[in-house]
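Asker: need coordinates for the following:
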Amino acid sequence: MSEQPVVVVGFSLVALKSLAEFQPNASVIVIEEPDVVRKRDLVTMAAGLPVVRELVQWEYQLPGTADAFYNTRPDLAPAAVAPLSDYGVPFAARLSERYGVNGAGFGAASLLRDKEQLRLVARAAGIANPESEPVDSPDGLRAFMAAHPGPVVLKPANRQAAVGVRVVHSVNEADEAWAECTVQDEGVFVPDRPMPVRMLAERCIVGPEFSVEMLVRDGEALFGNVTAKELYPGVRPVESGHVAPAGISPELTRLMLEQTELLLQAVGFGSGITHCEWIVADGTPYLVECAGRFAGDAIIELIERAYGIDLVRSFWAVMKRQPLPAELNRKAGQAASIRFVVADPGEIEAVTGVEEALAVPGVVSAAVTFKPGDRTYELKCSWDRIGSAIACGATPEEAVERAKRAVELIEVKVRPVA
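Answerer: Sure thing, here's the model as predicted:
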């Protein structure tokens, strides 16, 4: 027990298994909300992970709780503190400050968690942003739409995973969209106590969408990648897949990396990894949002496969103030893509085709995480997807085609439920 612990905020099974590849047993302390621990049965799950030293139940999403935690354990002396979820970003940043270890910085983390404040700061730094205003009612949404003709995005200022996000095309949809988007239930992934509903209306920017994943140490970018994304058709912007690196020109790649660095400088980001989302219209990247944590949707795995690097271990080296384990390649040797599996709403009766999907050339994984008897729901956010396939290829186009082919082979039979 002499090993300085690593503290992670938010329980992520994938991330903890990744940590177990290089962290000693009993060296990771996990902090999670008590309601989430109960609803996900995380005590049992943590007990099956030798790398976990302790699962601490703490209401970390409330103001002041990082300082309260520090004052209950001032001698903890962690080697590093990092968030594994959006909601843990400010708590982890403040805890890093209190323990004197590398982190994003509480000010930067707070800006990244608040889309309204982030727009204010980014716009002042000269970064392109869609017109955006806070709205507190359907009437406010209608007023914004009257002032900004064309489709509008209605979204929360403080949620994750595309929860409560919808494209609104007509003022006639305002009441329905408001009723839908302000009911933001993330189920087992959030505490039971109410979370304030703060909504934004924004002009809908139309164009290809990307994300930039960047590893930063003391404000300096050590590595950056541009990932291309695709969305399911419809009014809810849920990702159907990603490919890294994006098959775009070197000039656009360089511009998006530069704009992301400018954004992180504008918020005063210290050390960590970020996942910034952009839409490009007429050659200009418009900021969507930026998260101060690892990208989800297996994007980190895509990057590691494409570039032949260990980005996760490099991140923890930065957070521990250690030298990087190896040089971070700036040029990808191949491309990697993920495509997601969705199903009609109802109850799953059977899942077939996974073995066939795994046999597609270049496919490295394919799985459906739901099983017969599980309920599926209308696609409204990332949580409603039920599986995925990952494939590699010599080019982004080849990787995407292989991953799409794998997903097409997976069949999910669903029985409608009233």
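Asker: centre of the chain to stretch 113-121, how far?
Answerer: 17 Å (CA atoms, centre = their mean, to the nearest Å).
Asker: number of residues surrounding residue 171?
Answerer: 15 (other CB atoms under 10 Å). C-beta coordinates here come from the backbone N, C-alpha and C atoms, glycine included.
Asker: isn't residue 242 up against residue 229?
Answerer: Yes - counting by CB atoms under 8 Å, residue 242 does reach residue 229; the two are 5.0 Å apart.
Asker: so which of those two has more stuff around it?
Answerer: Neighbour count, other CB under 10 Å: between residue 242 and residue 229, residue 242 has more, with 28 against 22.
Asker: distance between the helix-or-strand element of the chain with minimal mean pLDDT and the chain's centre?
Answerer: Among the helices and strands of the chain, helix 174-181 carries the lowest confidence by mean pLDDT, DSSP states H and E, at a mean of 89. Offset of helix 174-181 from its chain centre (CA atoms, centre = their mean): 25 Å.
Asker: what's downstream of it, the next helix or strand?
Answerer: strand 199-203 (DSSP states H and E).
Asker: before we move on, back to that, angle of the least confident helix or strand of the chain against strand 199-203?
Answerer: 120 degrees (axes from the mean of the first three to the mean of the last three CA atoms, to 10 degrees).
Asker: buried set for helix 174-181?
Answerer: For helix 174-181, the neighbour count (16 or more other CB atoms under 10 Å) marks 174, 177, 178, 180, 181 as buried.
Asker: name the single longest strand found in this structure.
Answerer: Taking DSSP state E as the criterion, the chain has its longest strand at strand 220-231.
Asker: buried ones in that one?
Answerer: 221, 222, 223, 224, 225, 226, 227, 228, 229, 230.
Asker: now do it: which elements does it pack against?
Answerer: Judged by 3 or more CB pairs under 8 Å, 6 or more residues apart in numbering; DSSP states H and E, the packing partners of strand 220-231 are strand 209-217, strand 239-244, helix 250-267, helix 299-307, helix 311-319.
Asker: which of the ones you listed sits closest to residue 404?
Answerer: strand 239-244 (7.5 Å; CB to CB).
Asker: adjacent strands (with direction) for the closest one?
Answerer: strand 220-231 (antiparallel), strand 335-341 (antiparallel) (DSSP bridges).
Asker: got the angle for the shortest one vs helix 299-307?
Answerer: Between the axis of strand 335-341 and that of helix 299-307 there is an angle of 150 degrees, by the same axes, to 10 degrees.
Asker: now strand 335-341 - C-alpha only, CSV.
Answerer: The C-alpha trace of strand 335-341 is given here as CSV (Å, rounded to 0.1, in the frame of the first residue of the first chain):
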residue,chain,number,x,y,z
ALA,A,335,-6.9,4.7,-40.1
ALA,A,336,-9.4,3.3,-37.6
SER,A,337,-13.2,3.6,-37.6
ILE,A,338,-16.1,2.8,-35.2
ARG,A,339,-19.7,2.4,-36.3
PHE,A,340,-22.6,1.9,-33.8
VAL,A,341,-25.5,-0.5,-33.7
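Asker: grab the CA positions of the next helix or strand after it and hand them over as CSV.
Answerer: On the C-terminal side of strand 335-341, the closest following helix or strand by DSSP H and E is strand 346-352. Extracted as CSV, the C-alpha positions of strand 346-352 are listed here (Å, rounded to 0.1, in the frame of the first residue of the first chain):
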residue,chain,number,x,y,z
GLY,A,346,-39.0,-2.6,-27.8
GLU,A,347,-37.6,-5.8,-26.2
ILE,A,348,-34.7,-7.6,-27.7
GLU,A,349,-35.6,-11.2,-28.8
ALA,A,350,-32.4,-12.2,-30.5
VAL,A,351,-29.0,-10.9,-31.7
THR,A,352,-27.2,-12.5,-34.6
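Asker: who does strand 346-352 touch, helix- and strand-wise?
Answerer: strand 375-376, strand 411-415.
Asker: could you rerun that using 6 Å?
Answerer: For strand 346-352, the elements it packs on are strand 411-415, judged by 3 or more CB pairs under 6 Å, 6 or more residues apart in numbering; DSSP states H and E.
Asker: and the gap between residue 280 and residue 291?
Answerer: Look at residue 280 and residue 291: by CB to CB, to the nearest Å, they are 19 Å apart.
Asker: ok, these two, which is more surrounded?
Answerer: residue 291 (21 against 18).
Asker: quick one: residues contacting the more buried one.
Answerer: Applying CB atoms under 6 Å, 6 or more residues apart in numbering, one finds that residue 291 lies in contact with 86, 275.
Asker: one more pass at 10 Å, please.
Answerer: Residues near residue 291 by CB atoms under 10 Å, 6 or more residues apart in numbering: 83, 85-86, 89, 112-113, 160, 211, 213, 273-277.
Asker: so which of the residues you listed is the most crowded?
Answerer: Of the contacts of residue 291, with other CB under 10 Å as the count, residue 83 tops at 31 neighbours.
Asker: where does it fall, phi/psi-wise?
Answerer: Backbone torsions for residue 83, taken as degrees, to the nearest 10, come to phi -90, psi 140.
Asker: could you pull up the contacting residues of it?
Answerer: 7-10, 12, 31, 60, 89-93, 95-96, 103-104, 109, 113, 272-273, 291-294.
Asker: residue 252: what's its closest spatial neighbour, skipping adjacent residues?
Answerer: Leaving aside its sequence neighbours, residue 252 sits nearest to residue 280 (CB to CB, 6 or more residues apart in numbering; 7.0 Å).
Asker: okay if I get the buried residues of helix 174-181 as CSV plus distance to residue 411?
Answerer: Shown next, in CSV, are the buried residues of helix 174-181 (distance: CB to CB, whole Å):
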residue, distance to residue 411
174, 38
177, 33
178, 37
180, 30
181, 32
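Asker: buried ones in stretch 58-73?
Answerer: 58, 59, 60, 61, 65, 66, 69.
Asker: stretch 309-325 now?
Answerer: 309, 310, 311, 312, 313, 314, 315, 316, 317, 318, 319, 324.
Asker: check contacts around the second one.
Answerer: Meaning residue 310. Counting by CB under 10 Å, 6+ apart, residue 310 has contacts 18, 21, 22, 304, 316, 317, 324, 325, 326, 328.
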